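**Q** kindly return the folded structure for what I paste below:
(2 chains)
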Amino acid sequence: MKVLGIAGSLRSDSHNRKLLLAAGALLPDDVEFEVWDGLKAVPPYDEDDDVEPAPAAVARLRAAIADADAILFATPEYNSSIPGQLKNALDWASRPLATSVLRNKPVAVVGASAGAFGAVWAQGELRKVLSATGARVVDAELALGHADQRFDERGALADENLRDELREVVWTLVDETVPRLAAAA
Amino acid sequence: MSTTETRQSLPVGTWNVDPVHSTVGFAVNYIVGTFNGSFSPVDAKLEVGEDGESLTGSAPVAGVKVQDENLSAHLQSPEFFDAERAPEIKFASTDIRRSGDEIAIDGNLTIKGITLPVELQGTVTEPADDPFGGVRFALKLETAIDRTSFGLKWNNPLPNGKPSLANEVKLSADLYLVKA
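**A** Next up, the predicted model:
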């Protein structure tokens, strides 16, 4: 099984990227985990450009999603919602709507913020957007507030309870994915 | 003085659905009007014997017919029918009661893997010879369900805060049944 991590934040020292890496370390040993780093290169969605072959950065995004069995999103919150670049990438990935790479893809959403609330609104918005694309959004969440104080020097969540919550999210995602792999085998 | 017979039973035999002329449809209130769709092909069989009667039927969720392929795809997604995990909607009767041209059928309806009892009501016609050497009659059935009890919970709030899509869905089946 292969899980792809997508962070909604672009900056190199992103809390959400750290959260993805911490989540990846909690996955079962036989699960391959990769954090996708192509978000910044995705051009603005333009239906005129939404033709075959797709723009290279979009083709890479669609291939990365198609190649993964499940996706874990970690999003910050910008003005009570998800970052524009993340939404833009999902708009590309969701096309064509009837047969997109996101259709039936098991996905989970977590979020981190430096403030107290852990991007809860953005997570809700992201779940709504993913559901509309036809993805299989798992019922699990983690809102990591005060993210600048939550990671230890190895990149793990320092607090055991938060680690357990994050493990619950990624294992729920894995559990959701197993029947699809079994059906496809 | 004449006596009018009120027929209480269905014609004996095995009756298969004619999928070309049969439809299973749904109607649900959306924002200001009624939105209609259908499922095809319909598969159904009515068995009428000395030991009872049974009606069973199914339709593939992938065969949902609406006016737009993107909407069809949305209806097949986990937000609605989840066609990947629950590819069929199914019905199996538990009791059939006829009185003249009226009919009521109790049974179990399965949508999105959830099975709940429903009562279908409708009409039945008398068997007639068709131009193809067969015998056929028709069943016209209706019921109403709460879609959320079958796990179809999608909604989109209107500006006034009310939901755009009603929970009550009317289901209808027009079945042409051909004697096997």
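**Q** leaving out the residues flanking it, which one is nearest to B:D130?
**A** Among residues not flanking B:D130 along the chain, B:R136 sits closest, at 5.2 Å (CB to CB, 6 or more residues apart in numbering or on different chains). Yep, even glycine has a C-beta here, placed from its N, CA and C like the rest.
**Q** in chain B, which spans are strands?
**A** Using DSSP state E, the strands of chain B run over B:13-17, B:23-30, B:33-39, B:43-49, B:52-60, B:64-65, B:88-99, B:102-111, B:114-124, B:128-129, B:135-146, B:165-179.
**Q** hang on, the residue nearest to B:D130 packs against B:K179?
**A** Yes: in this structure, B:R136 is within contact of B:K179 by CB atoms under 8 Å, at 6.9 Å.
**Q** what do these two both touch?
**A** The overlap between the contact sets of B:R136 and B:K179 (CB atoms under 8 Å, 6 or more residues apart in numbering or on different chains) consists of B:W15, B:P127.
**Q** who's more crowded, these two?
**A** Neighbours were tallied for B:R136 and for B:K179 using other CB atoms under 10 Å in any protein chain shown; the higher tally belongs to B:R136 (20 against 16).
**Q** for that one, give me its contacts.
**A** Going by CB under 8 Å, 6+ apart, B:R136 touches B:W15, B:D18, B:P127, B:A128, B:D130, B:Y176, B:L177, B:V178, B:K179.
**Q** if I look at the second one, how far off is chain A?
**A** It refers to B:D18. Separation of B:D18 from chain A (CB to the nearest CB, to the nearest Å) stands at 30 Å.
**Q** next one: the first one
**A** Here B:W15 is placed at a distance of 34 Å from chain A (CB to the nearest CB).
**Q** so which of the strands of chain B is nearest A:L21?
**A** Closest to A:L21 of the strands of chain B, according to CB to CB: strand B:114-124, at 38.8 Å.
**Q** what's that closest one packed up against?
**A** strand B:88-99, strand B:102-111, strand B:135-146 (3 or more CB pairs under 8 Å, 6 or more residues apart in numbering or on different chains; DSSP states H and E).
**Q** columns mean pLDDT on top of these, output as JSON lines?
**A** Output for these, formatted as JSON lines (pLDDT from 0 to 100):
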{"stretch": "strand B:88-99", "mean pLDDT": "97"}
{"stretch": "strand B:102-111", "mean pLDDT": "98"}
{"stretch": "strand B:135-146", "mean pLDDT": "98"}
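**Q** ok, now how distant is the nearest residue to B:G49 once chain neighbours are set aside from chain A?
**A** Spatial nearest neighbour of B:G49, excluding adjacent residues (CB to CB, 6+ apart): B:V12 at 6.6 Å. Distance, B:V12 to chain A, using CB to the nearest CB: 41 Å.
**Q** so the residue nearest the centre of chain A: helix, strand or coil?
**A** Residue closest to the mean C-alpha point of chain A, counted by CA atoms, centre = their mean, is A:F73 at 1.5 Å. Three-state assignment for A:F73 (DSSP: H, G, I helix; E, B strand; the rest coil): strand.
**Q** check which helices and strands the longest helix along chain A sits against.
**A** In chain A, assigned by DSSP state H, the helix with the most residues is helix A:160-184. The contact analysis (3+ CB pairs under 8 Å, 6+ apart) places helix A:160-184 against strand A:2-7, helix A:15-24, strand A:70-75, strand A:106-112.
**Q** on that earlier part again, in TSV: the strands of chain B, plus distance to A:T172.
**A** As requested, the strands of chain B are exported to TSV (distance: least, CB to CB, whole Å):
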stretch	distance to A:T172
strand B:13-17	41
strand B:23-30	31
strand B:33-39	32
strand B:43-49	36
strand B:52-60	29
strand B:64-65	29
strand B:88-99	27
strand B:102-111	25
strand B:114-124	21
strand B:128-129	57
strand B:135-146	28
strand B:165-179	28
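**Q** quick check: residues of chain B near chain A?
**A** B:E69, B:N70, B:S72, B:A73, B:H74, B:Q76, B:S77, B:P78, B:E79, B:E84, B:R85, B:W154 (CB under 8 Å from any CB of the partner chain).
**Q** identify, from those residues, the entry nearest to A:E160.
**A** Checking the residues of chain B next to chain A against A:E160 with CB to CB, the nearest one is B:P78 at 32.6 Å.
**Q** what number of residues lie near that closest one?
**A** Per other CB under 10 Å, the neighbour tally for B:P78 reads 22.
**Q** what sits closest to it if chain neighbours are left out?
**A** Among residues not flanking B:P78 along the chain, A:R136 sits closest, at 4.8 Å (CB to CB, 6+ apart).
**Q** how many neighbours does B:W15 have?
**A** The number of residues packed near B:W15 is 25, by other CB under 10 Å.
**Q** can you pull the pLDDT of it?
**A** At B:W15, the pLDDT value in this model is 98.
**Q** residue contacts, the closest residue to B:Q8 other than its chain neighbours?
**A** Spatial nearest neighbour of B:Q8, excluding adjacent residues (CB to CB, 6+ apart): B:R98 at 5.7 Å. Contact analysis of B:R98 by CB under 8 Å, 6+ apart lists B:R7, B:Q8, B:S9, B:L10, B:V124.
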